[in-house]
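**Student:** how would this look folded up:
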Amino acid sequence: MNKKIIGFSGYDKLKISLLSSIVIFFIIGTIQPFDIYNYSSFQIIYAGICCGVLSGIITYTSLSLMTFRNWTVKNELLLILCSYLIGIGFVLVFYFTFVYIHKTLEHDIELLLYNFYVVFCLTLWTYIILRSFQGWSFLGKKVFRKTQSTLKIRSNNTYNNIAVNSILFIEAYGNYSKIYLTDVNEKEYILLNCSLLSIENLILEGRVHNLVRIHKGYIINTQKIKSIQGNIKTSHLTLFNTNQAIPISRKKTPYIRELFYKQGSLK
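**Tutor:** Here you go, the predicted model:
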């Protein structure tokens, strides 16, 4: 079942990535657990820096990818594979830098094996760190936040506290947004002085799963879908309490249709 697994803010991702980089650098550059070929201090520190940066990149990329709403096990396996490919790229850069500096191919096979072993441990560490942070606190802040039942949106000098269940759909109106509610006439709406993108970011931060952007100009409440018409290329939907046809982007159509079936709306 497609679902949003994890919800890290940009600040959380930076903190976790930085922690990952520091730990890896400390392990490789300071403790030197892999100093089996008697490398110089410069080589070990350089390895620590490279692997620390690699760990940070893999961690940040992983956390960014895992915020996708349609994250699946297949995506996760692909992520692990991509982590290895990124690691192999760093290994080759690391290896040929040493060859260039020392003008020798001495211990070349051992050096490659050493670094591939580091990449293997590094990818495993990254995967463990991602799984460990699921459901736990990070520096006193919950990684998994409770789904919000209301949206607090500021417009000019007015703060609007809107119940999620009362939202029918949100429409882009230039740099403004119109929020249509279920308990008012379909021609009435709340006009907000903020873009649809700003509202979408607020929805993602609050982990409001019912509100989904289905088109560049629309966010809808998936619990209010009445019917879906059209095919994969061109389709639109209607919601309860309104007869307005809302277009669905081609990219979002499969997800919305699947969600519609799973909700039991179609008999």
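**Student:** So for Leu18, what's the nearest residue that isn't a sequence neighbour?
**Tutor:** Spatial nearest neighbour of Leu18, excluding adjacent residues (Cβ to Cβ, 6 or more residues apart in numbering): Gly56 at 6.6 Å. Yep, even glycine has a C-beta here, placed from its N, CA and C like the rest.
**Student:** doesn't the one you found fall inside a helix?
**Tutor:** Yes: using DSSP: H, G, I helix; E, B strand; the rest coil, the assignment for Gly56 is a helix.
**Student:** wait, isn't it in contact with Lys15?
**Tutor:** No: judged on Cβ atoms under 8 Å, Gly56 makes no contact with Lys15 at a distance of 10.9 Å.
**Student:** Looking at these two, which has the bigger crowd around it?
**Tutor:** Gly56 (21 against 15; other Cβ atoms under 10 Å).
**Student:** per-residue confidence at that one?
**Tutor:** The confidence metric pLDDT takes the value 72 at Gly56.
**Student:** ditto for Lys15
**Tutor:** Reading off the confidence values, Lys15 has pLDDT 74.
**Student:** Against Leu196, how distant is it?
**Tutor:** Between Lys15 and Leu196 the distance, using Cβ to Cβ, to the nearest Å, works out to 29 Å.
**Student:** how about Leu18, secondary structure?
**Tutor:** Per three-state DSSP, Leu18 ends up helix.
**Student:** That one contacts Val53, doesn't it?
**Tutor:** No: under the criterion of Cβ under 8 Å, Leu18 makes no contact with Val53, lying 11.0 Å away.
**Student:** mind listing the strands for the stretch 151-267 of the chain?
**Tutor:** 158-163, 167-173, 176-181, 190-192, 211-215, 218-221, 225-230, 235-239, 246-248 (DSSP state E, counting those that start in this stretch).
**Student:** Under the pLDDT cut-off, which ranges of the stretch 51-200 of the chain? List them.
**Tutor:** Low-confidence segments of the stretch 51-200 of the chain (pLDDT under 70): 51, 54-55, 58-59, 61-148, 155-156, 184-187.
**Student:** what about 50?
**Tutor:** Along the stretch 51-200 of the chain, the parts satisfying pLDDT under 50 run over 69-70, 134-146.
**Student:** one step back: now the strands of the stretch 151-267 of the chain in TSV, please, with extra columns for mean neighbour count.
**Tutor:** As requested, those are exported to TSV (neighbours: other Cβ atoms under 10 Å):
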stretch	mean neighbour count
strand 158-163	11
strand 167-173	21
strand 176-181	20
strand 190-192	16
strand 211-215	20
strand 218-221	22
strand 225-230	14
strand 235-239	20
strand 246-248	20
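**Student:** Next, format those strands as CSV and append distance to Glu258.
**Tutor:** Below are those laid out as CSV (distance: least, Cβ to Cβ, whole Å):
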stretch, distance to Glu258
strand 158-163, 26
strand 167-173, 19
strand 176-181, 25
strand 190-192, 30
strand 211-215, 12
strand 218-221, 15
strand 225-230, 11
strand 235-239, 13
strand 246-248, 12
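**Student:** out of these, nearest to Leu151?
**Tutor:** In terms of Cβ to Cβ, the element of the strands of the stretch 151-267 of the chain nearest to Leu151 is strand 158-163, at 4.9 Å.
**Student:** hmm, who's touching that closest one?
**Tutor:** By Cβ atoms under 8 Å, 6 or more residues apart in numbering, the list of residues contacting strand 158-163 from outside reads Ser149, Thr150, Leu151, Lys152, Ile153, Arg154, Ile179, Leu181, Ile190, Leu192.
**Student:** Nearest residue to the fourth one in space, ignoring adjacent ones along the chain?
**Tutor:** Meaning Lys152. Of all residues not flanking Lys152 in the chain, Asn161 sits nearest, at 5.4 Å (Cβ to Cβ, 6+ apart).
**Student:** so how far is Pro247 from the one you found?
**Tutor:** In this structure, Asn161 and Pro247 are 29 Å apart, going by Cβ to Cβ.
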